[in-house]
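Undergrad: Compute the structure for the input listed below.
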Amino acid sequence: MLSPKQLFFILAFSVLVLVGSQINFSPLLGADNQFFTLFQFFGPTAGAFLGPVVGAASVLLAQLANFVLAGKEVTIINLFRLTPMLFAAAYFGSKGLRQRYFAVIPLLAMAAFWLHPVGQEACWFYALYWLIPIVVTLKPGLVSRSVGATFTAHAVGSVAFLYAVPTTAALWIGLIPVVALERGLFSLGIAGSYVVFNTVMARLELPVFDIDKRYVLSKKLLLG
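TA: Sure, this is the predicted structure:
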């Protein structure tokens, strides 16, 4: 059973998702009227505070609420876009050996990408990006968790996009430098937002599943 404070967190998080999803960051190349939003910069953090399962569930509920309230059209690509952040939240909320279990997700994504006719063309190396969530588990830390989470979302989202929307090898090859920039920024955003949320909940004494005191800002830390 969830405590009232945990339910409060889910409600507050849902409001943030509703707001963040309305602020576009960059267009999703290859799809009309699809954008990455501010949501990508903090979505996975729910997994850290509520655990991988409940965190992913809260992300799904928040996205569904936004889907309905924004009046989004029920299309294959819109439905598929609900899934990447679920895996990112579960990855970010997992630690140690459990996090390494999530290595199967990018591995399956790589296999699915290479099995697709477009993925078998000159863009086969695009899927090598998804080795990153596996490699970073070897060096635990906030930055590595953030990087792993956003590239796990990228793996799931890319495969969903590949199978849902007609694309070309040229499109995927052109996306390679774009992915590096976007995912780098998303990683910084996830790490930064986690520190902010962690600090706020520590100050408000909201004992959700996990508050990491290493990432609670203090005057001493800010002033050096």
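Undergrad: ok, V216 to L38 distance?
TA: 23 Å (C-beta to C-beta, to the nearest Å). Backbone N, C-alpha and C define where each C-beta goes, glycine included.
Undergrad: the more surrounded of the two?
TA: Neighbour comparison, V216 and L38: the larger count goes to L38, with 18 against 15 (by other C-beta atoms under 10 Å).
Undergrad: didn't the more buried one look like it was pressed against G20?
TA: Yes: taking C-beta atoms under 8 Å as the definition, L38 is a contact partner of G20 at 3.8 Å.
Undergrad: who touches both of the two?
TA: Residues touching both L38 and G20 by C-beta atoms under 8 Å, 6 or more residues apart in numbering: none at all.
Undergrad: quick one: the strands in the chain?
TA: 24-27, 35-37 (DSSP state E).
Undergrad: Kindly present those as JSON lines, with separate columns for mean neighbour count and mean pLDDT.
TA: Formatted as JSON lines, the strands of the chain follow (neighbours: other C-beta atoms under 10 Å; pLDDT from 0 to 100):
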{"stretch": "strand 24-27", "mean neighbour count": "13", "mean pLDDT": "73"}
{"stretch": "strand 35-37", "mean neighbour count": "16", "mean pLDDT": "75"}
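Undergrad: which stretch among these comes nearest V15?
TA: V15 lies closest to strand 35-37 among the strands of the chain, at 14.7 Å (C-beta to C-beta).
Undergrad: Let me see the contact set for the residue nearest to G47 when sequence neighbours are not counted.
TA: Closest residue in space to G47, ignoring its immediate chain neighbours: G93 at 2.5 Å, by C-beta to C-beta, 6 or more residues apart in numbering. For G93, the contact set (C-beta under 8 Å, 6+ apart) comprises 44, 46-52, 55-56.
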